[in-house]
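J.: my questions concern the predicted model and sequence given below.
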Amino acid sequence: MKVLFIKIRDIKQQSDSVLNGMIGQLSLELSIERRKIASTGVSSKVFKNREIRRTIARINTVLKERGAKV
(Lines give C-alpha, C1' and ligand atoms only; values in the text may rest on other atoms or scores of the structure.)
Protein backbone atom coordinates (compact mmCIF):
# COMPACT_ATOMS: atom_id res chain seq x y z
CA MET A 1 0.00 0.00 0.00
CA LYS A 2 1.56 3.24 -1.11
CA VAL A 3 0.59 6.06 1.16
CA LEU A 4 1.60 9.48 -0.03
CA PHE A 5 -0.86 12.11 1.05
CA ILE A 6 -3.47 11.52 3.71
CA LYS A 7 -5.76 14.16 5.10
CA ILE A 8 -5.64 14.80 8.83
CA ARG A 9 -9.24 13.71 9.37
CA ASP A 10 -8.43 10.31 7.84
CA ILE A 11 -5.37 9.97 10.07
CA LYS A 12 -7.41 10.73 13.20
CA GLN A 13 -9.79 7.86 12.40
CA GLN A 14 -6.98 5.26 12.46
CA SER A 15 -5.77 3.42 15.54
CA ASP A 16 -2.31 3.98 17.03
CA SER A 17 -0.98 0.64 15.82
CA VAL A 18 -2.11 1.33 12.25
CA LEU A 19 -0.49 4.76 12.34
CA ASN A 20 2.79 3.33 13.63
CA GLY A 21 2.71 0.82 10.76
CA MET A 22 2.11 3.62 8.28
CA ILE A 23 5.11 5.53 9.66
CA GLY A 24 7.24 2.44 9.11
CA GLN A 25 6.06 2.08 5.53
CA LEU A 26 6.56 5.76 4.79
CA SER A 27 10.03 5.78 6.33
CA LEU A 28 11.02 2.83 4.17
CA GLU A 29 9.62 4.50 1.06
CA LEU A 30 11.46 7.73 1.91
CA SER A 31 14.77 5.92 2.33
CA ILE A 32 14.29 4.20 -1.05
CA GLU A 33 13.60 7.55 -2.72
CA ARG A 34 16.66 9.09 -1.07
CA ARG A 35 18.83 6.21 -2.35
CA LYS A 36 17.48 6.77 -5.87
CA ILE A 37 18.46 10.43 -5.66
CA ALA A 38 21.91 9.57 -4.30
CA SER A 39 22.63 7.00 -7.00
CA THR A 40 21.43 9.04 -9.99
CA GLY A 41 22.11 12.53 -8.70
CA VAL A 42 18.87 13.74 -10.23
CA SER A 43 15.37 13.53 -8.88
CA SER A 44 12.26 14.22 -10.85
CA LYS A 45 10.15 13.44 -7.80
CA VAL A 46 11.24 16.00 -5.22
CA PHE A 47 7.57 16.63 -4.53
CA LYS A 48 7.14 12.98 -3.51
CA ASN A 49 9.90 13.23 -0.89
CA ARG A 50 8.38 16.37 0.56
CA GLU A 51 4.90 14.84 0.75
CA ILE A 52 6.23 11.72 2.46
CA ARG A 53 7.99 13.82 5.09
CA ARG A 54 4.89 15.93 5.65
CA THR A 55 2.65 12.88 5.98
CA ILE A 56 5.02 11.40 8.58
CA ALA A 57 4.88 14.70 10.46
CA ARG A 58 1.06 14.71 10.36
CA ILE A 59 0.92 11.20 11.77
CA ASN A 60 3.43 12.03 14.51
CA THR A 61 1.40 15.12 15.43
CA VAL A 62 -1.79 13.09 15.84
CA LEU A 63 0.02 10.45 17.91
CA LYS A 64 1.47 13.12 20.20
CA GLU A 65 -1.94 14.74 20.62
CA ARG A 66 -3.31 11.39 21.74
CA GLY A 67 -0.45 10.93 24.16
CA ALA A 68 0.73 7.75 22.49
CA LYS A 69 4.38 6.77 22.42
CA VAL A 70 5.97 7.53 19.07
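T.: The structure has been received and is ready for your questions.
J.: any idea how far residue 52 is from residue 23?
T.: Separation of residue 23 from residue 52 (C-beta to C-beta, to the nearest Å): 11 Å. Every C-beta, even on glycine, is put in place using the N, C-alpha and C of the backbone.
J.: swap in residue 34?
T.: Look at residue 34 and residue 52: by C-beta to C-beta, they are 10 Å apart.
J.: between those two, which one's more packed in?
T.: Higher neighbour count among residue 34 and residue 52: residue 52, with 22 against 13, using other C-beta atoms under 10 Å.
J.: identify the residues contacting the more buried one.
T.: 4, 26, 29, 30, 33 (C-beta atoms under 8 Å, 6 or more residues apart in numbering).
J.: mark which of those are part of strands, please.
T.: Judged by DSSP state E, the contacts of residue 52 include no members of strands.
J.: residue contacts, the closest residue to residue 45 other than its chain neighbours?
T.: If the residues on either side of it in the chain are set aside, residue 45 comes closest to residue 33, at 6.8 Å by C-beta to C-beta, 6 or more residues apart in numbering. Counting by C-beta under 8 Å, 6+ apart, residue 33 touches 43, 45, 48, 49, 52.
J.: swap in residue 24?
T.: Residues near residue 24 by C-beta under 8 Å, 6+ apart: none.
J.: what secondary structure does it sit in?
T.: Secondary structure state of residue 24, per DSSP: H, G, I helix; E, B strand; the rest coil, is helix.
J.: continuing past the helix or strand residue 36 falls within, what's the next helix or strand?
T.: Assigned by DSSP states H and E, residue 36 belongs to helix 16-40. With elements assigned by DSSP H and E, the helix or strand that comes after helix 16-40 is helix 46-66.
J.: what are the buried residues along that following helix?
T.: Neighbour-count burial for helix 46-66, counted by 16 or more other C-beta atoms under 10 Å, picks out 49, 51, 52, 55, 56, 58, 59, 62, 63.
J.: what do you get for stretch 20-32?
T.: 22, 23, 26, 29, 30.
J.: in CSV: those, plus pLDDT.
T.: Output for those, formatted as CSV (pLDDT from 0 to 100):
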residue, pLDDT
22, 94
23, 95
26, 94
29, 92
30, 92
